[in-house]
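[1] Dropping the sequence and predicted coords here.
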Amino acid sequence: MSTLTIADLQVSVATDQGQKQILRGVDLTIKEGEIHAIMGPNGSGKSTLAYAIAGHPKYTVDGGSITLDGEDVLAMSVDERARAGLFLAMQYPVEIPGVTNTNFLRTAKTAIDGEAPSIRTWVKDVRESMGKLRMDSTFAERNVNEGFSGGEKKRNEILQLELLKPKFAVLDETDSGLDVDALKIVSEGVNRAHQATGLGILLITHYTRILRYISPDFVHVFVAGRVAEEGGAELAERLEEEGYDRFLTGETAAV
Ligand code: ADP
Ligand code: MG
Ligand code: MG
């Protein structure tokens, strides 16, 4: 049983005004097969947590730890983290000019597995996943995310998720900018990956809408770089009704 453990994580980011502390001691444990939703107002540090897990160089870990089955994730390079089974679907997926989607996927799959996938099953797997995500086959030969609409980029992230088969996935606002049909398609993809491989999921979202399609086992409310409240799926329902206002009082109101 795989476990991703985040303990007392403190992270700062380099800004033009100097180093700014964002995460102020985050504790979070995700076990294989669990779905955790992180909800919270804009600017509360949700993406910073995602980037810290993925190893983005702009984010400095000032304290605490991230371990995957006891291995020190913070000591790993970005590539090593991917090989260890961590995956990040970014809030703003990057375009990679000059690299086709199919070459990108195959290269990533080969790097992560340590060997090239067999051509025949690979081509079939790619085609099947694209079909389920309602992606036209022409997307295989287009450059990664180049000229993709917001919704197409999000589907493309889930295509990577389905094919690369990580142990843990951080999905950063994969729901933002999606219409209802696209939201359903993307959610089905996430649920397929969850069921097929026992994927552990950290689902970052501002809105409760996606949680109608992907049921979280745990909900964590993020405020000012900390987990302010935790609960089960019912907590998301309360947030839907009450919003984040009651969390934004006192010292946190300035953020
Ligand atoms: P969320 O994803 O919850 O909206 P973020 O993690 O993106 O929050 O941002 C948390 C805070 O850190 C915000 O105040 C944001 O402006 C700041 N921040 C994050 N990344 C950077 C950066 N690269 N440069 C400057 N400020 C940043
Ligand atoms: Mg489950
Ligand atoms: Mg964000």
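    Received it, and whenever you're ready, just let me know what you need. Numbers count the residues shown, from 1 in each chain. Ligands and ions are numbered 1, 2, ... in the order given.

[2] what bridges to Asp172?
    Note on Asp172: beta-bridge partners by DSSP bridges are Ile204.

[3] Does it touch Ala52 like I think?
    No. In this structure, Asp172 is not within contact of Ala52 by CB atoms under 8 Å, at 11.7 Å. All C-beta spots, glycine's among them, are computed from the backbone N, C-alpha and C.

[4] Tell me which of these two has more neighbours.
    The neighbour comparison of Asp172 against Ala52 (other CB atoms under 10 Å) goes to Ala52, with 26 against 23.

[5] and after the host helix or strand of that one, which helix or strand comes next?
    Taking DSSP states H and E as the criterion, Ala52 maps to helix 46-54. As assigned by DSSP H and E, the chain's next helix or strand after helix 46-54 is strand 59-68.

[6] Could you point out the helix or strand that follows the strand or helix carrying Val123?
    Here Val123 sits within helix 119-132, counting by DSSP H and E. Per DSSP H and E, the first helix or strand lying C-terminal to helix 119-132 is strand 143-144.

[7] From the chain's centroid, how far away is the helix holding Ala52?
    In this view, helix 46-54 has its centroid 8 Å away from the chain centroid, taken as CA atoms, centre = their mean, to the nearest Å.

[8] Can it be said to contact ligand 3?
    Yes. Legend: contact between helix 46-54 and ligand 3 by CB under 5 Å from the ion is shown at 46-47.

[9] tell me which strands and helices that helix is in contact with?
    In this structure, helix 46-54 makes packing contacts with strand 3-15, strand 18-31, strand 59-68, helix 78-84, strand 86-89, strand 168-172, strand 200-205, judged by 3 or more CB pairs under 8 Å, 6 or more residues apart in numbering; DSSP states H and E.

[10] next structured bit after the longest one?
    I take that to be strand 18-31. strand 35-39.

[11] In terms of helix, strand or coil, where does the residue lying closest to Arg134 once chain neighbours are set aside fall?
    Computed as CB to CB, 6 or more residues apart in numbering, the closest residue to Arg134 that is not its neighbour in sequence is Ile185, at 5.5 Å. Here Ile185 is recorded as helix under DSSP: H, G, I helix; E, B strand; the rest coil.
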